[in-house]
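In: Take a look and give me a structure for this.
(one chain, ligands or ions: 2)
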Amino acid sequence: MRTLFQFNGGVHPAEHKQESSTQDIACAPLPTQLIVPLQQHIGQRAKPLVQVGDSVLKGQMIGQADGATSCAVHAPTSGRVSAIGEAPVPHPSGLPDLCITITPDGAEQWVERTPLDYQSMSPTEVRKHLRDFGLAGLGGAVFPSHVKLNLGKLAKVPTLILNGAECEPWITCDDRLMRERTADIVAGAKIMQHLLNADEVLIGIEDNKPQAIAAMRAACADARFEVIAVPTLYPSGGAKQLTKILTGKEPPSGGRSSDIGVQIFNVATAYSVARAVLHGEPLISRIVTVTGNVDQPRNYEVLLGTPVKELVALASPRNDTQGYIMGGPMMGFTLPSDAVPVTKASNCLIASSPKLFPPPPPALPCIRCTQCAQACPVNLQPQDLYWFSRGREFGKAQEYNLFDCIECGCCDYVCPSHIPLVQYYRFAKGEIWAREREKQQADLARERHEFRLQRIEREKKERADKLAAKTQGSKAPSANAEADPKKAAIQAAIERAKLKRAGVMPQNVENLPVETLKEIKEIEARRAQLKQAMEKQPDTPNS
Ligand code: SF4
Ligand code: SF4
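Out: Ligands and ions are numbered 1, 2, ... in the order given. Okay, the predicted model is just below:
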């Protein structure tokens, strides 16, 4: 029996799992159009590979990974590219992003799907395929999977954890996946274990999902993976929290789980790894929970790019629905509109209404009760972070480990003063990132300016040196000759040749310096002139 550990704090919000978990996964029909954002993962946006008017097949790569932390995107069905441009996407900023819109032809015609014999391939090759199959974490973080499966300089990551905790209220997509598609989850875990050279595979599932636990245990008996029921307590599905529960280990502040020999993936990511490697299917769909203020809450298998409006219509939203939350009520965000598409990060859509999610009462002053600190699963001091964020003391907020905050919302949930604490932390993080970006840009501009000044100075000096050399050369060739032994030897040979021609050959002429040779030559010239003059003189009487 494995010993389980406890993380600090945590809360017990109302679960609301029952509403959507009782029915099996339904397949959402083909929508009228598919809007595929090129940025559905953390890192660099994919580069478009198609143009408007192109015909595409289901599963065809339409956006190529661009850089080390990036992955591809694919056509979710066959059809024609009808637009490439900015379109609304599901992001808290509400800003649009570059998307490829496909009008389906209804044929659902696949590209050729080739399974990989991953055991005969190098890990690098398998990771490259996962990048090109568009694999990213489906638990909500959407970090490219091939990056997390890279051992780098390590020989192994001893512990692989599959996260099936699904601790957020309302969300049940992983629960249904573990009940219905167990074999492919286990197969995906084996592929990941192979790539990480992991000694053990632990699968953590909250104990409020007994059917999923039973199904996974039955499927894992042969693989000798350990399926562990963990106590239901939000946020036990946080990567650091589940690692702590199962292993007792905690990554250092600002560190990664691989620093302590652990790598963690969502169960849905393991499933999509198996679909990619064993079936040759890129990531073009995912399971989405549609719940909240709807008449028929359920989980659907949905093509990525499906407009939210068309998906939620399947669940019959009630008349007083006022918007949709993507993700859970604790960590999710309200969508800017229902025109946005489903992406790799869309695990849940909750229709909200004033009755279901009444607006919070007005915030009151902080009474320093420390309930937020007691609830914080990361051992932070939320009330201090609040004061620093509110007072724009961002340096102090960083000193108090603001960036360790996972924005779980436990502090908000327990605060008797109804202070929207997480909003303050997001604001502070955003400001710090913006300042960091500005600083980096200013540093870059300063470096460019300094480099330009150095270049101008260097070119000026080079020009001055060239001019000085030229002037010196024309004024004092002998000096130059003296400075250069080779030139001096040539000059001396020339002078000796002239003296030989003139019939003057003093002793040791070979060793005389150039200047002396020149003087000898001048003396001899003057002697010759004197001789000539004397020969022209008339005879004298006394001669
Ligand atoms: S729970 Fe709210 S009121 Fe209490 S210390 Fe924290 S921020 Fe202040
Ligand atoms: S939101 Fe941040 S500060 Fe608040 S409880 Fe969660 S981790 Fe702690």
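In: Show the residue spans covered by the helices in the stretch 1-150 of the chain.
Out: Ranges of helices within the stretch 1-150 of the chain are 18-21, 123-132, 145-148, based on DSSP state H, counting those that start in this stretch.
In: Let me know which of these is tucked in deepest.
Out: Mean neighbours per residue, mean count of other C-beta atoms under 10 Å, is largest over the helices of the stretch 1-150 of the chain for helix 145-148, with a mean of 25. Every residue, glycine included, has its C-beta placed from N, CA and C.
In: Redo the helices of the stretch 1-150 of the chain as a markdown table? Include mean pLDDT.
Out: Shown next, in a markdown table, are these (pLDDT from 0 to 100):
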| stretch | mean pLDDT |
| --- | --- |
| helix 18-21 | 96 |
| helix 123-132 | 96 |
| helix 145-148 | 96 |
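In: Among these, which comes closest to ligand 2?
Out: helix 145-148 (21.9 Å; C-beta to the nearest ligand atom).
In: chain center to that closest one, what's the gap?
Out: Centroid separation between helix 145-148 and its chain, computed with C-alpha atoms, centre = their mean, to the nearest Å, is 11 Å.
In: Check whether the longest helix seen in the chain comes near ligand 2.
Out: The longest helix of the chain (DSSP state H) is helix 421-475. Yes - residues of helix 421-475 contacting ligand 2 under C-beta under 6 Å from any ligand atom: 421-422.
In: And that helix, what does it pack against?
Out: Based on contacts counted as 3 or more C-beta pairs under 8 Å, 6 or more residues apart in numbering; DSSP states H and E, the elements that helix 421-475 packs against are helix 382-390, helix 394-399, helix 410-414, helix 477-483.
In: what's the angle between that helix and helix 382-390?
Out: Computed by axes from the mean of the first three to the mean of the last three C-alpha atoms, to 10 degrees, the angle separating helix 421-475 from helix 382-390 equals 50 degrees.
In: shaky segments in this protein?
Out: Low-confidence segments of the chain, defined by pLDDT under 70: 474-485, 488, 495, 498-543.
In: Could you tell me which residues of it lie near ligand 2?
Out: Applying C-beta under 6 Å from any ligand atom, we find that the chain lies next to ligand 2 at 375-376, 378, 380, 382, 405-411, 421-422.
In: run the last query once more with 5 Å
Out: Within the chain, the positions lying close to ligand 2 (C-beta under 5 Å from any ligand atom) are 376, 378, 380, 382, 405-408, 410-411.
In: Pick out the residue in the stretch 101-250 of the chain sitting closest to ligand 2.
Out: Counting by C-beta to the nearest ligand atom, the stretch 101-250 of the chain gets nearest ligand 2 through P235, at 7.6 Å.
In: any bit of stretch 389-406 sitting next to ligand 1?
Out: No - Stretch 389-406 does not reach ligand 1 (C-beta under 5 Å from any ligand atom); its nearest approach is 10.4 Å.
In: List the ones among the residues of the chain next to ligand 2 that fall in helices.
Out: 382, 410-411.
In: As CSV, the helices and strands packed on helix 421-475 with mean neighbour count and distance to F7 would be great.
Out: Shown next, in CSV, are the helices and strands packed on helix 421-475 (neighbours: other C-beta atoms under 10 Å; distance: least, C-beta to C-beta, whole Å):
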stretch, mean neighbour count, distance to F7
helix 382-390, 22, 15
helix 394-399, 16, 22
helix 410-414, 23, 11
helix 477-483, 14, 78
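In: So the chain: which segments form each domain?
Out: Domain assignment for the chain, taken from automatic domain parsing, gives 18-352, 379-475, 485-527.
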